[in-house]
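Q: I would like to see how this sequence folds:
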Amino acid sequence: MYDGPLQDLIDALAQLPGIGPKGAQRIAFHVLDAPDEEVGALADALREVKEKARFCDICFNVSSDEECQYCRDPRRDQTVICVVEESKDVVAVERVFERGNVSTVMNTAHASGVLMLSAARRDIPVHLYTPSEVKKAVSGNGRADKQQMTAMITRILGLTEPPRPADAADALALAVCHCWRAPMNARLKGTL
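A: Down below sits the predicted model:
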């Protein structure tokens, strides 16, 4: 325990989701040691997001305007929309696929396991999809390469440019796959 403003900052940071007591302490000491300009920029960013950020009137994506960049895009199909009320309501995970690099597979499997356990402990449904299921759902080809998948995600979501970093396209493909497949999967399981 520390005294005064430092402990107040630690306590406030520890209240944020995903930041525990040790993380809050590390952040507080970073703030204490950081140059005034960096701390000022952080304070300004916090104020600005609270003042200017809002949810899109159409899809509820975070935006600084009434409509987000995706809903404003004239190329977007206005008849199709996928809305997740709360990002914490669902977890979709790509199943680990072994390609010969056992250490990478093990690390990925461990991370997936932690994610699935965390979701299960919060009663959040977890949906698993194989890489070929995601590729087939998004591109129609279960063997599509990364370039084809990125092109399809860019087109499906009506983006003006491919998602960056490259792994963002994979995450978006998994989300699209889930949005398209979950209703039928739920009907088959009798939960819808």
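Q: Would you map the strands across this protein?
A: Using DSSP state E, the strands found in the chain span residues 54-55, 62-63, 91-94, 126-129.
Q: Could you list every helix and strand that the last one packs against?
A: Secondary-structure packing of strand 126-129 (3 or more C-beta pairs under 8 Å, 6 or more residues apart in numbering; DSSP states H and E): strand 91-94, helix 102-121, helix 166-189. Every residue, glycine included, has its C-beta placed from N, CA and C.
Q: neighbouring strands for it, and are they parallel or not?
A: strand 91-94 (parallel) (DSSP bridges).
Q: from the chain's centre, how far out does the partner strand sit?
A: On the basis of C-alpha atoms, centre = their mean, to the nearest Å, strand 91-94 sits 11 Å off its chain's mean C-alpha point.
Q: Please name the nearest non-neighbouring residue to residue 160.
A: Counting by C-beta to C-beta, 6 or more residues apart in numbering, residue 73 is the residue found nearest to residue 160 once chain neighbours are left out, at 6.8 Å.
Q: separation between that neighbour and residue 39?
A: 37 Å (C-beta to C-beta, to the nearest Å).
Q: cool, residue 171 as well?
A: 32 Å.
Q: Kindly report the same for residue 90.
A: 36 Å.
Q: Between those two, which is the more surrounded one?
A: residue 90 (17 against 14; other C-beta atoms under 10 Å).
Q: Next up, the contacts around the more buried one.
A: 84, 124-125, 127, 178, 182 (C-beta atoms under 8 Å, 6 or more residues apart in numbering).
Q: Make CSV out of the residues you listed and add distance to residue 20, neighbour count and pLDDT.
A: Below are the contacts of residue 90 laid out as CSV (distance: C-beta to C-beta, whole Å; neighbours: other C-beta atoms under 10 Å; pLDDT from 0 to 100):
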residue, distance to residue 20, neighbour count, pLDDT
84, 26, 14, 53
124, 19, 14, 81
125, 25, 13, 84
127, 28, 16, 88
178, 29, 22, 90
182, 32, 16, 79
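Q: Can you lay out these as a markdown table showing distance to residue 113?
A: Rendered in a markdown table, the data for the contacts of residue 90 read as follows (distance: C-beta to C-beta, whole Å):
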| residue | distance to residue 113 |
| --- | --- |
| 84 | 23 |
| 124 | 15 |
| 125 | 16 |
| 127 | 15 |
| 178 | 19 |
| 182 | 22 |
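Q: which one among the residues you listed gets closest to residue 15?
A: residue 124 (21.1 Å; C-beta to C-beta).
Q: The closest one is in contact with residue 91, isn't it?
A: Yes - using C-beta atoms under 8 Å as the test, residue 124 is close enough to residue 91 to be in contact (5.5 Å).
Q: for residue 61, what are its contacts?
A: 55, 68, 70-71.
Q: Phi, psi for it please.
A: When read as degrees, to the nearest 10, the backbone of residue 61 gives phi -70, psi 150.
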